[in-house]
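A.B. asks: for reference, the sequence and a predicted model appear below.
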Amino acid sequence: NAGVTQTPKFQVLKTGQSMTLQCAQDMNHEYMSWYRQDPGMGLRLIHYSVGAGITDQGEVPNGYNVSRSTTEDFPLRLLSAAPSQTSVYFCASSYSGPPGAFFGQGTRLTVV
Amino acid sequence: GENVEQHPSTLSVQEGDSAVIKCTYSDSASNYFPWYKQELGKRPQLIIDIRSNVGEKKDQRIAVTLNKTAKHFSLHITETQPEDSAVYFCAASNADSWGKLQFGAGTQVVVTP
């Protein structure tokens, strides 16, 4: 099993650009989630999903969209990148709640 | 909503001593309390968790205690080793609403030989 795989590992965007962070898991987990981690702060939940076709908002959903068309994939879309979205993004999955038993390796995003 | 406060922000201990990290939460409906370890540049790892129907849980050198009345929970690491050096995060959540999962700001633990 590869576990939770995130791509890319690093990304630099210009303000206003859009992009999609990819997250895939091969453990047949129902629960998947996206977090952002900023210096000096804990992780903050952006969006989560409890199964294919079901998503919901976390603490900081503004500026991000998600979809869950398959059990394996849970992409995070940045609609119009802003410098405030500069952060490290983690995807996580678990067989049943809570979202966060297995983390991906993270994506370091810089918006200039 | 839930608010989780974590103390101390940094903790330096001698190898072999114990380390204790404390977290308080505000939402009385929270019933799940995980702890994560994150080494520099690495992903967070779930190291132990506790649910509100138990007061204490142990896993080798790590233990977590929960006081629901006072709304606080603590991580205890005994016989610390250099590889315990990392940032530790607590979190609190309501199992009926995972969207309310809230993390503490983290504790940098440094174990000196």
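C.D. replies: Alright, I've got the coordinates. Numbering: from 1, shown residues only, chains lettered A, B, ... in the order given.
A.B. asks: list the contacts for A:Gly68?
C.D. replies: Wrong residue type there; residue A:68 is Arg, not Gly. Listed by CB atoms under 8 Å, 6 or more residues apart in numbering or on different chains, the contact set of A:Arg68 reads A:Met32, A:Ser49, A:Gly51, A:Ala52, A:Gly53, A:Ile54, A:Thr55, A:Phe74. The C-beta positions use only the backbone N, C-alpha and C, and glycine is treated the same way.
A.B. asks: which ones among the residues you listed lie within strands?
C.D. replies: Residues of those located in strands (DSSP state E): A:Met32, A:Ser49, A:Gly51, A:Ile54, A:Thr55.
A.B. asks: for the residues you listed, work out which two are farthest apart.
C.D. replies: Largest separation among those by CB to CB: A:Met32 and A:Ile54, giving 10.3 Å.
A.B. asks: neighbour-wise, which of the two wins?
C.D. replies: A:Met32 (30 against 10; other CB atoms under 10 Å in any protein chain shown).
A.B. asks: which pLDDT value belongs to the more buried one?
C.D. replies: pLDDT, A:Met32: 91.
A.B. asks: which one is A:Asn28 nearest to, not counting chain neighbours?
C.D. replies: A:Thr71 (6.3 Å; CB to CB, 6 or more residues apart in numbering or on different chains).
A.B. asks: tell me how many other residues crowd B:Asn68.
C.D. replies: Actually, residue B:68 is Lys rather than Asn. 15.
A.B. asks: and it, how close does it get to chain A?
C.D. replies: Distance from B:Lys68 to chain A, counting by CB to the nearest CB, to the nearest Å: 18 Å.
A.B. asks: just to revisit the earlier point, the residue nearest to A:Asn28: what's it in contact with?
C.D. replies: Going by CB under 8 Å, 6+ apart, the list of residues near A:Thr71 reads A:Asn28, A:His29, A:Glu30, A:Gly51, A:Ala52.
A.B. asks: if we go to 7 Å?
C.D. replies: Contacts for A:Thr71 (CB atoms under 7 Å, 6 or more residues apart in numbering or on different chains) come out as A:Asn28, A:Glu30, A:Ala52.
A.B. asks: same deal with B:Lys22?
C.D. replies: By CB under 7 Å, 6+ apart, the neighbours of B:Lys22 are B:His7, B:His72, B:Ser74.
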